[in-house]
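> Make a model of this:
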Amino acid sequence: MPVAKSFGGASLTEGPVRGHLLKLAGFMAVGIVASLIGTLADAYFIAKLGTHELAALTFSFPVVMLIISLSIGFGTGVVSVISRTVGEGDQASVKALGTDSIVLATLITAVISIIGFTTIDPLFKLLGAEDAVLPLIHDYMQIWYLGTLFQIIPQVGSSVIRAHGDAKTPSMLMAIGAVINAALDPVFIFGWGPIPAMGIEGAAWAGNISRIVIIIAFAWVIQRGMHALAPVSFSAARLKNSWGKLLHIALPSTATQMVTPIASGIITAIIASYGTSVVAAFGIATRVEIFAFIYVMAIAIAVAPFVGQNAGAKRFDRVQEAVSYGIKFCFVGGAIQTVLLALVAQPLVSVFATDPDVIRLAALYLYVVPVSYAFAGIVAVAMSAWNALAMPFAASVIGLARSLLVTVPFIFIGSHWAGMEGVFVANSLAAIAVGAVAWVWLRRTIYRKAAEMPLAAAAE
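Residues are numbered from 1 along each chain as shown. The predicted structure follows:
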(Lines give C-alpha, C1' and ligand atoms only; values in the text may rest on other atoms or scores of the structure.)
Protein backbone atom coordinates (compact mmCIF):
# COMPACT_ATOMS: atom_id res chain seq x y z
CA MET A 1 0.00 0.00 0.00
CA PRO A 2 1.43 3.43 -0.95
CA VAL A 3 2.01 5.48 2.15
CA ALA A 4 2.17 9.27 2.12
CA LYS A 5 5.61 10.38 3.24
CA SER A 6 6.17 13.55 5.17
CA PHE A 7 8.87 15.83 3.77
CA GLY A 8 8.70 18.35 6.59
CA GLY A 9 4.91 18.19 6.88
CA ALA A 10 2.54 15.46 8.07
CA SER A 11 1.10 12.27 6.60
CA LEU A 12 -2.67 12.62 6.33
CA THR A 13 -3.24 9.04 5.17
CA GLU A 14 -3.17 7.66 8.70
CA GLY A 15 -4.91 8.62 11.93
CA PRO A 16 -8.42 9.94 12.62
CA VAL A 17 -10.02 11.76 9.69
CA ARG A 18 -11.93 14.24 11.82
CA GLY A 19 -8.85 14.98 13.92
CA HIS A 20 -6.74 15.79 10.87
CA LEU A 21 -9.43 18.01 9.35
CA LEU A 22 -10.09 19.92 12.55
CA LYS A 23 -6.37 20.46 13.13
CA LEU A 24 -5.79 21.66 9.58
CA ALA A 25 -8.91 23.83 9.64
CA GLY A 26 -8.09 25.23 13.06
CA PHE A 27 -4.66 26.45 12.03
CA MET A 28 -6.00 27.81 8.74
CA ALA A 29 -8.76 29.67 10.58
CA VAL A 30 -6.12 31.40 12.71
CA GLY A 31 -4.20 32.41 9.59
CA ILE A 32 -7.34 33.60 7.81
CA VAL A 33 -8.45 35.65 10.81
CA ALA A 34 -5.05 37.27 10.96
CA SER A 35 -5.08 38.03 7.23
CA LEU A 36 -8.54 39.53 7.45
CA ILE A 37 -7.34 41.79 10.23
CA GLY A 38 -5.20 43.47 7.60
CA THR A 39 -8.18 43.81 5.26
CA LEU A 40 -10.44 45.16 7.98
CA ALA A 41 -7.69 47.50 9.16
CA ASP A 42 -7.57 48.99 5.66
CA ALA A 43 -11.35 49.48 5.66
CA TYR A 44 -11.39 50.87 9.20
CA PHE A 45 -8.63 53.44 8.79
CA ILE A 46 -9.64 54.45 5.25
CA ALA A 47 -13.22 54.94 6.46
CA LYS A 48 -11.82 57.58 8.81
CA LEU A 49 -10.73 59.54 5.73
CA GLY A 50 -14.29 59.80 4.40
CA THR A 51 -17.03 58.09 2.37
CA HIS A 52 -15.31 58.79 -0.97
CA GLU A 53 -12.13 57.07 0.18
CA LEU A 54 -14.10 54.08 1.45
CA ALA A 55 -15.98 53.91 -1.85
CA ALA A 56 -12.65 54.03 -3.70
CA LEU A 57 -11.44 51.03 -1.71
CA THR A 58 -14.69 49.20 -2.50
CA PHE A 59 -14.33 49.91 -6.23
CA SER A 60 -10.78 48.53 -6.14
CA PHE A 61 -11.93 45.27 -4.60
CA PRO A 62 -12.94 43.44 -7.84
CA VAL A 63 -9.61 44.24 -9.49
CA VAL A 64 -7.59 43.39 -6.39
CA MET A 65 -9.49 40.12 -6.22
CA LEU A 66 -8.59 39.40 -9.85
CA ILE A 67 -4.91 39.11 -8.96
CA ILE A 68 -5.63 37.35 -5.70
CA SER A 69 -7.82 34.93 -7.64
CA LEU A 70 -4.92 34.17 -9.94
CA SER A 71 -2.75 33.24 -6.97
CA ILE A 72 -5.56 31.19 -5.42
CA GLY A 73 -6.09 29.34 -8.69
CA PHE A 74 -2.42 28.46 -8.90
CA GLY A 75 -2.42 27.57 -5.24
CA THR A 76 -5.28 25.15 -5.87
CA GLY A 77 -3.28 23.45 -8.59
CA VAL A 78 -0.21 23.31 -6.36
CA VAL A 79 -2.08 21.70 -3.47
CA SER A 80 -3.81 19.19 -5.74
CA VAL A 81 -0.75 18.04 -7.65
CA ILE A 82 1.80 18.15 -4.84
CA SER A 83 -0.45 16.56 -2.20
CA ARG A 84 -1.25 13.64 -4.50
CA THR A 85 2.46 13.28 -5.29
CA VAL A 86 3.23 13.33 -1.56
CA GLY A 87 0.64 10.57 -1.16
CA GLU A 88 2.43 8.57 -3.84
CA GLY A 89 5.77 9.04 -2.04
CA ASP A 90 7.69 10.68 -4.94
CA GLN A 91 9.96 13.20 -3.21
CA ALA A 92 11.92 14.30 -6.30
CA SER A 93 8.73 15.19 -8.17
CA VAL A 94 7.37 17.03 -5.14
CA LYS A 95 10.41 19.33 -5.07
CA ALA A 96 10.34 19.98 -8.82
CA LEU A 97 6.64 20.78 -8.76
CA GLY A 98 7.12 23.27 -5.94
CA THR A 99 9.82 25.25 -7.73
CA ASP A 100 8.23 25.15 -11.17
CA SER A 101 4.85 26.31 -9.86
CA ILE A 102 6.37 29.41 -8.27
CA VAL A 103 8.26 30.29 -11.45
CA LEU A 104 5.22 29.92 -13.71
CA ALA A 105 2.86 31.83 -11.41
CA THR A 106 5.33 34.69 -11.07
CA LEU A 107 5.75 35.08 -14.83
CA ILE A 108 2.03 35.18 -15.53
CA THR A 109 1.31 37.58 -12.69
CA ALA A 110 3.98 40.00 -13.92
CA VAL A 111 2.32 40.23 -17.33
CA ILE A 112 -1.13 40.82 -15.84
CA SER A 113 0.26 43.47 -13.48
CA ILE A 114 1.74 45.48 -16.34
CA ILE A 115 -1.55 45.39 -18.23
CA GLY A 116 -3.48 46.42 -15.13
CA PHE A 117 -1.14 49.33 -14.34
CA THR A 118 -1.72 50.87 -17.78
CA THR A 119 -5.51 50.55 -17.70
CA ILE A 120 -6.47 51.90 -14.25
CA ASP A 121 -8.60 54.89 -15.27
CA PRO A 122 -10.56 53.40 -18.19
CA LEU A 123 -11.29 50.22 -16.27
CA PHE A 124 -12.72 51.94 -13.21
CA LYS A 125 -14.71 54.34 -15.33
CA LEU A 126 -16.26 51.25 -16.88
CA LEU A 127 -17.09 49.97 -13.39
CA GLY A 128 -19.03 53.17 -12.72
CA ALA A 129 -16.60 55.15 -10.56
CA GLU A 130 -17.61 58.80 -10.20
CA ASP A 131 -15.21 61.65 -11.02
CA ALA A 132 -14.80 62.46 -7.33
CA VAL A 133 -13.69 58.91 -6.56
CA LEU A 134 -11.58 58.07 -9.61
CA PRO A 135 -8.39 59.99 -8.55
CA LEU A 136 -8.45 58.20 -5.19
CA ILE A 137 -8.76 54.84 -6.93
CA HIS A 138 -5.83 55.73 -9.18
CA ASP A 139 -3.65 56.71 -6.20
CA TYR A 140 -4.37 53.42 -4.44
CA MET A 141 -4.11 51.06 -7.41
CA GLN A 142 -0.87 52.38 -8.89
CA ILE A 143 0.91 51.56 -5.63
CA TRP A 144 -0.92 48.26 -5.26
CA TYR A 145 0.11 47.13 -8.76
CA LEU A 146 3.76 47.69 -7.88
CA GLY A 147 3.41 44.94 -5.28
CA THR A 148 1.36 42.45 -7.28
CA LEU A 149 4.11 39.87 -7.33
CA PHE A 150 4.17 40.04 -3.55
CA GLN A 151 0.60 38.74 -3.64
CA ILE A 152 1.21 35.49 -5.49
CA ILE A 153 4.49 34.22 -4.09
CA PRO A 154 3.22 33.93 -0.48
CA GLN A 155 0.02 32.24 -1.72
CA VAL A 156 1.87 29.64 -3.75
CA GLY A 157 4.41 29.17 -0.97
CA SER A 158 1.61 28.58 1.50
CA SER A 159 0.10 26.01 -0.88
CA VAL A 160 3.39 24.12 -1.13
CA ILE A 161 3.58 23.82 2.66
CA ARG A 162 -0.10 22.86 3.05
CA ALA A 163 0.25 20.17 0.40
CA HIS A 164 2.77 18.55 2.74
CA GLY A 165 0.11 18.45 5.46
CA ASP A 166 1.43 21.42 7.46
CA ALA A 167 -1.18 24.13 8.07
CA LYS A 168 0.45 25.60 11.16
CA THR A 169 3.48 27.19 9.52
CA PRO A 170 1.69 29.10 6.74
CA SER A 171 -0.96 30.24 9.24
CA MET A 172 1.66 31.67 11.56
CA LEU A 173 3.38 33.46 8.69
CA MET A 174 0.06 34.89 7.51
CA ALA A 175 -0.56 36.11 11.05
CA ILE A 176 2.81 37.85 11.19
CA GLY A 177 2.14 39.60 7.89
CA ALA A 178 -1.32 40.71 9.01
CA VAL A 179 -0.01 42.19 12.25
CA ILE A 180 2.64 44.13 10.34
CA ASN A 181 0.00 45.37 7.85
CA ALA A 182 -2.40 46.48 10.58
CA ALA A 183 0.40 48.21 12.50
CA LEU A 184 1.69 50.08 9.45
CA ASP A 185 -1.74 51.22 8.19
CA PRO A 186 -2.22 54.21 10.55
CA VAL A 187 1.44 55.14 10.25
CA PHE A 188 1.36 55.45 6.45
CA ILE A 189 -2.26 56.63 6.10
CA PHE A 190 -2.18 59.43 8.72
CA GLY A 191 1.58 59.91 9.08
CA TRP A 192 3.88 59.54 12.09
CA GLY A 193 7.16 61.27 12.85
CA PRO A 194 9.18 61.64 9.64
CA ILE A 195 6.65 59.61 7.65
CA PRO A 196 4.15 61.96 5.94
CA ALA A 197 0.40 61.29 5.77
CA MET A 198 -0.24 59.44 2.49
CA GLY A 199 -3.98 58.93 2.72
CA ILE A 200 -5.33 55.99 0.77
CA GLU A 201 -1.92 55.43 -0.84
CA GLY A 202 -0.54 54.61 2.58
CA ALA A 203 -2.77 51.56 2.87
CA ALA A 204 -1.28 50.17 -0.34
CA TRP A 205 2.28 50.79 0.87
CA ALA A 206 1.55 49.11 4.20
CA GLY A 207 0.27 46.02 2.40
CA ASN A 208 3.29 45.82 0.10
CA ILE A 209 5.79 46.08 2.94
CA SER A 210 4.06 43.40 5.02
CA ARG A 211 3.98 40.99 2.07
CA ILE A 212 7.69 41.46 1.40
CA VAL A 213 8.38 40.33 4.95
CA ILE A 214 6.18 37.26 4.41
CA ILE A 215 7.98 36.35 1.18
CA ILE A 216 11.33 36.30 2.96
CA ALA A 217 9.88 34.12 5.71
CA PHE A 218 8.24 31.68 3.29
CA ALA A 219 11.44 31.34 1.26
CA TRP A 220 13.41 30.45 4.38
CA VAL A 221 10.84 27.91 5.63
CA ILE A 222 10.28 26.12 2.33
CA GLN A 223 13.89 25.88 1.24
CA ARG A 224 15.98 26.00 4.40
CA GLY A 225 13.50 24.40 6.78
CA MET A 226 11.59 21.86 4.67
CA HIS A 227 13.96 21.42 1.71
CA ALA A 228 10.81 21.27 -0.40
CA LEU A 229 12.16 22.95 -3.55
CA ALA A 230 14.41 21.77 -6.34
CA PRO A 231 16.85 24.13 -8.10
CA VAL A 232 15.30 26.27 -10.84
CA SER A 233 15.44 24.31 -14.08
CA PHE A 234 15.37 25.33 -17.74
CA SER A 235 14.87 21.75 -18.85
CA ALA A 236 12.04 21.66 -21.38
CA ALA A 237 11.13 18.12 -20.38
CA ARG A 238 10.88 18.93 -16.68
CA LEU A 239 8.96 22.17 -17.22
CA LYS A 240 6.56 20.48 -19.64
CA ASN A 241 5.89 17.73 -17.11
CA SER A 242 5.50 20.05 -14.11
CA TRP A 243 3.58 22.82 -15.83
CA GLY A 244 1.36 20.33 -17.63
CA LYS A 245 0.27 18.73 -14.35
CA LEU A 246 -0.17 22.09 -12.65
CA LEU A 247 -2.06 23.74 -15.49
CA HIS A 248 -4.47 20.81 -15.76
CA ILE A 249 -5.84 21.93 -12.40
CA ALA A 250 -4.65 25.54 -12.20
CA LEU A 251 -6.03 26.79 -15.54
CA PRO A 252 -9.69 25.92 -14.97
CA SER A 253 -9.36 26.80 -11.29
CA THR A 254 -7.76 30.15 -12.09
CA ALA A 255 -10.33 30.88 -14.78
CA THR A 256 -13.10 30.14 -12.31
CA GLN A 257 -11.46 32.24 -9.62
CA MET A 258 -10.90 35.14 -12.01
CA VAL A 259 -14.54 35.10 -13.06
CA THR A 260 -15.45 35.80 -9.43
CA PRO A 261 -14.05 39.38 -9.41
CA ILE A 262 -15.54 39.92 -12.86
CA ALA A 263 -18.92 38.94 -11.46
CA SER A 264 -18.17 41.12 -8.44
CA GLY A 265 -17.43 43.99 -10.80
CA ILE A 266 -20.78 43.52 -12.55
CA ILE A 267 -22.58 43.40 -9.23
CA THR A 268 -20.68 46.51 -8.07
CA ALA A 269 -21.75 48.32 -11.24
CA ILE A 270 -25.39 47.39 -10.56
CA ILE A 271 -25.10 48.62 -6.98
CA ALA A 272 -23.25 51.79 -8.05
CA SER A 273 -26.40 52.91 -9.88
CA TYR A 274 -27.94 53.48 -6.43
CA GLY A 275 -25.21 55.92 -5.34
CA THR A 276 -21.87 56.12 -3.52
CA SER A 277 -23.39 55.54 -0.07
CA VAL A 278 -24.83 52.22 -1.23
CA VAL A 279 -21.45 51.16 -2.60
CA ALA A 280 -19.85 51.98 0.73
CA ALA A 281 -22.51 49.95 2.59
CA PHE A 282 -22.00 46.98 0.30
CA GLY A 283 -18.24 47.19 0.81
CA ILE A 284 -18.57 47.12 4.61
CA ALA A 285 -21.07 44.24 4.58
CA THR A 286 -19.05 42.04 2.25
CA ARG A 287 -15.89 42.55 4.28
CA VAL A 288 -17.67 41.60 7.47
CA GLU A 289 -19.10 38.62 5.59
CA ILE A 290 -15.65 37.41 4.63
CA PHE A 291 -14.67 37.52 8.28
CA ALA A 292 -17.82 35.60 9.25
CA PHE A 293 -17.19 33.03 6.52
CA ILE A 294 -13.91 31.92 8.05
CA TYR A 295 -15.19 28.55 9.24
CA VAL A 296 -16.15 27.55 5.69
CA MET A 297 -12.93 28.84 4.17
CA ALA A 298 -10.90 26.94 6.76
CA ILE A 299 -12.65 23.59 6.32
CA ALA A 300 -12.54 23.89 2.51
CA ILE A 301 -8.81 24.61 2.61
CA ALA A 302 -8.32 21.67 4.99
CA VAL A 303 -10.20 19.29 2.68
CA ALA A 304 -7.82 19.90 -0.26
CA PRO A 305 -4.50 18.49 1.08
CA PHE A 306 -6.33 15.75 2.98
CA VAL A 307 -8.22 14.54 -0.08
CA GLY A 308 -5.14 14.95 -2.27
CA GLN A 309 -2.81 12.88 -0.09
CA ASN A 310 -5.39 10.14 0.43
CA ALA A 311 -6.31 10.05 -3.25
CA GLY A 312 -2.62 9.65 -4.07
CA ALA A 313 -2.45 6.78 -1.57
CA LYS A 314 -5.72 5.25 -2.93
CA ARG A 315 -7.51 5.71 0.40
CA PHE A 316 -10.92 6.67 -0.94
CA ASP A 317 -12.63 5.44 2.19
CA ARG A 318 -10.94 8.33 4.02
CA VAL A 319 -11.82 10.73 1.20
CA GLN A 320 -15.48 9.78 1.53
CA GLU A 321 -15.42 10.29 5.29
CA ALA A 322 -13.70 13.67 4.99
CA VAL A 323 -16.23 15.03 2.47
CA SER A 324 -19.16 13.85 4.58
CA TYR A 325 -17.76 15.58 7.66
CA GLY A 326 -17.04 18.76 5.70
CA ILE A 327 -20.67 19.03 4.58
CA LYS A 328 -21.99 18.49 8.11
CA PHE A 329 -19.56 21.11 9.35
CA CYS A 330 -20.98 23.63 6.87
CA PHE A 331 -24.56 23.14 8.03
CA VAL A 332 -23.72 23.52 11.70
CA GLY A 333 -21.45 26.52 11.12
CA GLY A 334 -23.95 28.18 8.80
CA ALA A 335 -26.70 28.00 11.40
CA ILE A 336 -24.47 29.46 14.10
CA GLN A 337 -23.29 32.33 11.89
CA THR A 338 -26.81 33.24 10.84
CA VAL A 339 -27.88 33.67 14.45
CA LEU A 340 -24.74 35.52 15.54
CA LEU A 341 -24.82 38.03 12.71
CA ALA A 342 -28.50 38.72 13.26
CA LEU A 343 -27.63 39.69 16.85
CA VAL A 344 -24.58 41.87 16.17
CA ALA A 345 -25.13 43.28 12.66
CA GLN A 346 -26.20 46.79 13.66
CA PRO A 347 -23.49 47.56 16.25
CA LEU A 348 -20.83 45.83 14.16
CA VAL A 349 -21.53 47.87 11.05
CA SER A 350 -21.62 51.06 13.15
CA VAL A 351 -17.92 50.55 13.92
CA PHE A 352 -17.06 51.14 10.27
CA ALA A 353 -19.53 53.86 9.30
CA THR A 354 -21.46 56.84 10.71
CA ASP A 355 -23.81 57.53 7.80
CA PRO A 356 -27.30 56.22 8.81
CA ASP A 357 -28.10 55.01 5.28
CA VAL A 358 -24.80 53.12 5.04
CA ILE A 359 -25.41 51.48 8.43
CA ARG A 360 -28.99 50.50 7.58
CA LEU A 361 -28.15 48.87 4.25
CA ALA A 362 -25.03 47.09 5.50
CA ALA A 363 -26.95 45.69 8.48
CA LEU A 364 -29.80 44.56 6.22
CA TYR A 365 -27.33 42.61 4.12
CA LEU A 366 -26.08 40.82 7.23
CA TYR A 367 -29.64 39.93 8.23
CA VAL A 368 -30.57 38.40 4.87
CA VAL A 369 -27.55 36.79 3.20
CA PRO A 370 -26.17 34.61 6.06
CA VAL A 371 -29.14 32.21 5.78
CA SER A 372 -27.37 30.86 2.68
CA TYR A 373 -23.94 30.37 4.29
CA ALA A 374 -24.32 26.59 4.75
CA PHE A 375 -24.94 26.08 1.03
CA ALA A 376 -22.18 28.50 0.07
CA GLY A 377 -19.91 26.41 2.28
CA ILE A 378 -20.90 23.22 0.48
CA VAL A 379 -19.90 24.88 -2.80
CA ALA A 380 -16.46 25.69 -1.34
CA VAL A 381 -15.94 22.17 0.03
CA ALA A 382 -17.10 20.58 -3.22
CA MET A 383 -14.79 22.68 -5.37
CA SER A 384 -11.86 21.94 -3.05
CA ALA A 385 -12.52 18.18 -3.12
CA TRP A 386 -13.00 18.03 -6.89
CA ASN A 387 -9.78 19.92 -7.58
CA ALA A 388 -7.87 17.68 -5.16
CA LEU A 389 -9.22 14.66 -7.04
CA ALA A 390 -8.00 16.14 -10.36
CA MET A 391 -11.59 16.81 -11.48
CA PRO A 392 -11.36 20.53 -12.37
CA PHE A 393 -14.34 20.45 -14.74
CA ALA A 394 -16.87 19.78 -11.98
CA ALA A 395 -15.26 22.41 -9.75
CA SER A 396 -15.31 24.98 -12.54
CA VAL A 397 -18.96 24.38 -13.46
CA ILE A 398 -20.14 24.87 -9.89
CA GLY A 399 -17.78 27.79 -9.34
CA LEU A 400 -18.98 29.58 -12.47
CA ALA A 401 -22.59 28.96 -11.52
CA ARG A 402 -22.05 30.43 -8.05
CA SER A 403 -20.15 33.51 -9.17
CA LEU A 404 -21.60 34.40 -12.56
CA LEU A 405 -24.06 32.12 -14.35
CA VAL A 406 -26.64 31.99 -11.55
CA THR A 407 -25.78 34.77 -9.09
CA VAL A 408 -25.52 37.69 -11.54
CA PRO A 409 -28.86 37.00 -13.28
CA PHE A 410 -30.54 36.51 -9.90
CA ILE A 411 -29.16 39.84 -8.64
CA PHE A 412 -30.10 41.65 -11.83
CA ILE A 413 -33.68 40.43 -11.50
CA GLY A 414 -33.73 41.15 -7.77
CA SER A 415 -32.51 44.70 -8.35
CA HIS A 416 -35.36 45.43 -10.76
CA TRP A 417 -37.83 43.63 -8.54
CA ALA A 418 -37.13 45.27 -5.17
CA GLY A 419 -34.07 47.52 -5.34
CA MET A 420 -31.22 46.85 -2.91
CA GLU A 421 -33.40 44.64 -0.75
CA GLY A 422 -34.05 42.49 -3.81
CA VAL A 423 -30.32 42.29 -4.49
CA PHE A 424 -29.66 40.85 -1.04
CA VAL A 425 -32.48 38.28 -1.27
CA ALA A 426 -31.39 37.23 -4.76
CA ASN A 427 -27.81 36.75 -3.61
CA SER A 428 -28.98 34.41 -0.87
CA LEU A 429 -31.31 32.42 -3.13
CA ALA A 430 -28.54 31.93 -5.71
CA ALA A 431 -26.19 30.48 -3.09
CA ILE A 432 -28.85 28.06 -1.87
CA ALA A 433 -29.67 26.85 -5.38
CA VAL A 434 -26.07 26.26 -6.44
CA GLY A 435 -25.14 24.72 -3.09
CA ALA A 436 -27.95 22.19 -3.32
CA VAL A 437 -26.76 21.06 -6.77
CA ALA A 438 -23.15 20.85 -5.57
CA TRP A 439 -24.20 18.74 -2.59
CA VAL A 440 -25.95 16.10 -4.73
CA TRP A 441 -23.23 16.07 -7.40
CA LEU A 442 -20.35 15.76 -4.91
CA ARG A 443 -21.96 12.89 -3.01
CA ARG A 444 -22.44 10.96 -6.24
CA THR A 445 -18.85 11.63 -7.27
CA ILE A 446 -17.37 10.38 -4.01
CA TYR A 447 -19.53 7.26 -3.84
CA ARG A 448 -18.64 6.41 -7.44
CA LYS A 449 -14.92 6.90 -6.77
CA ALA A 450 -15.08 4.72 -3.67
CA ALA A 451 -16.88 1.98 -5.60
CA GLU A 452 -14.70 2.10 -8.72
CA MET A 453 -11.26 2.20 -7.12
CA PRO A 454 -10.17 -0.58 -4.78
CA LEU A 455 -9.18 0.42 -1.30
CA ALA A 456 -5.50 0.17 -0.51
CA ALA A 457 -6.25 -2.28 2.26
CA ALA A 458 -8.15 -4.58 -0.06
CA ALA A 459 -5.36 -4.44 -2.62
CA GLU A 460 -2.77 -5.84 -0.22
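> Measure how far stretch 440-457 is from the centre of its chain, please.
Distance of stretch 440-457 from its chain centroid, counting by C-alpha atoms, centre = their mean, to the nearest Å, is 27 Å.
> What are the contacting residues of that stretch?
1-2, 313-317, 319-320, 323, 327, 378, 381-382, 385-386, 389, 391, 394, 398 (C-beta atoms under 8 Å, 6 or more residues apart in numbering). (Each C-beta comes from the backbone N, C-alpha and C, glycine too.)
> ok, 6 Å please
Applying C-beta atoms under 6 Å, 6 or more residues apart in numbering, the contact partners of stretch 440-457 are Met1, Lys314, Arg315, Phe316, Asp317, Gln320, Val323, Ala382.
> and those as CSV, adding secondary structure and neighbour count?
Output for the contacts of stretch 440-457, formatted as CSV (DSSP: H, G, I helix; E, B strand; the rest coil; neighbours: other C-beta atoms under 10 Å):
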residue, secondary structure, neighbour count
Met1, coil, 12
Lys314, coil, 21
Arg315, coil, 27
Phe316, helix, 23
Asp317, helix, 15
Gln320, helix, 19
Val323, helix, 25
Ala382, helix, 32
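> what's the closest of these to Pro62?
Nearest to Pro62 among the contacts of stretch 440-457 is Ala382, at 24.0 Å by C-beta to C-beta.
> hang on, the closest one packs against Ala438?
Yes. Contact status for Ala382 versus Ala438: in contact at 4.2 Å, counting by C-beta atoms under 6 Å.
> Quick check: neighbours shared by the two?
Common neighbours of Ala382 and Ala438 (criterion: C-beta under 6 Å, 6+ apart): Ile398.
> and the longest helix seen in the chain, how far out from the chain's middle?
Ranked by residue count under DSSP state H, the longest helix found in the chain is helix 407-452. Relative to its parent chain, helix 407-452 has a centroid offset of 19 Å by C-alpha atoms, centre = their mean.
> Could you save the contacts of stretch 440-457 as a markdown table and add columns showing distance to Leu341 and pLDDT?
Shown next, in a markdown table, are the contacts of stretch 440-457 (distance: C-beta to C-beta, whole Å; pLDDT from 0 to 100):
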| residue | distance to Leu341 | pLDDT |
| --- | --- | --- |
| Met1 | 46 | 38 |
| Lys314 | 42 | 83 |
| Arg315 | 37 | 86 |
| Phe316 | 37 | 85 |
| Asp317 | 37 | 85 |
| Gln320 | 32 | 88 |
| Val323 | 27 | 91 |
| Ala382 | 24 | 94 |
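> Make CSV out of these and add distance to Ile411.
Shown next, in CSV, are the contacts of stretch 440-457 (distance: C-beta to C-beta, whole Å):
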residue, distance to Ile411
Met1, 49
Lys314, 43
Arg315, 41
Phe316, 38
Asp317, 41
Gln320, 35
Val323, 30
Ala382, 22
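> Now flag whichever of those is closest to Ile200.
Looking across those and measuring by C-beta to C-beta, the closest to Ile200 is Ala382, at 37.5 Å.
> gap between the closest one and Ala96?
Distance of Ala382 to Ala96, computed by C-beta to C-beta, to the nearest Å: 30 Å.
> I'd assumed Ala302 was in a helix, is it?
Yes. Secondary structure assignment places Ala302 in a helix (DSSP: H, G, I helix; E, B strand; the rest coil).
> what about the closest residue to Ala217 other than its chain neighbours, neighbour count?
In this structure, Ala217 finds its nearest non-sequential neighbour in Leu173, 5.1 Å apart by C-beta to C-beta, 6 or more residues apart in numbering. Leu173 is flanked by 24 other residues according to other C-beta atoms under 10 Å.
> Quick check: Leu173 touching Ala219?
No. Look at Leu173 against Ala219 with C-beta under 6 Å: they stay out of range, at 10.7 Å.
> for Asp131, helix, strand, or coil?
Asp131 is classified as coil under three-state DSSP.
> Please tell me how far it sits from Ser350.
Taken as C-beta to C-beta, the span from Asp131 to Ser350 is 29 Å.
> These two: who's more crowded?
Ser350 (15 against 7).
> Enumerate every residue touching the more buried one.
Counting by C-beta under 6 Å, 6+ apart, Ser350 touches Ile359.
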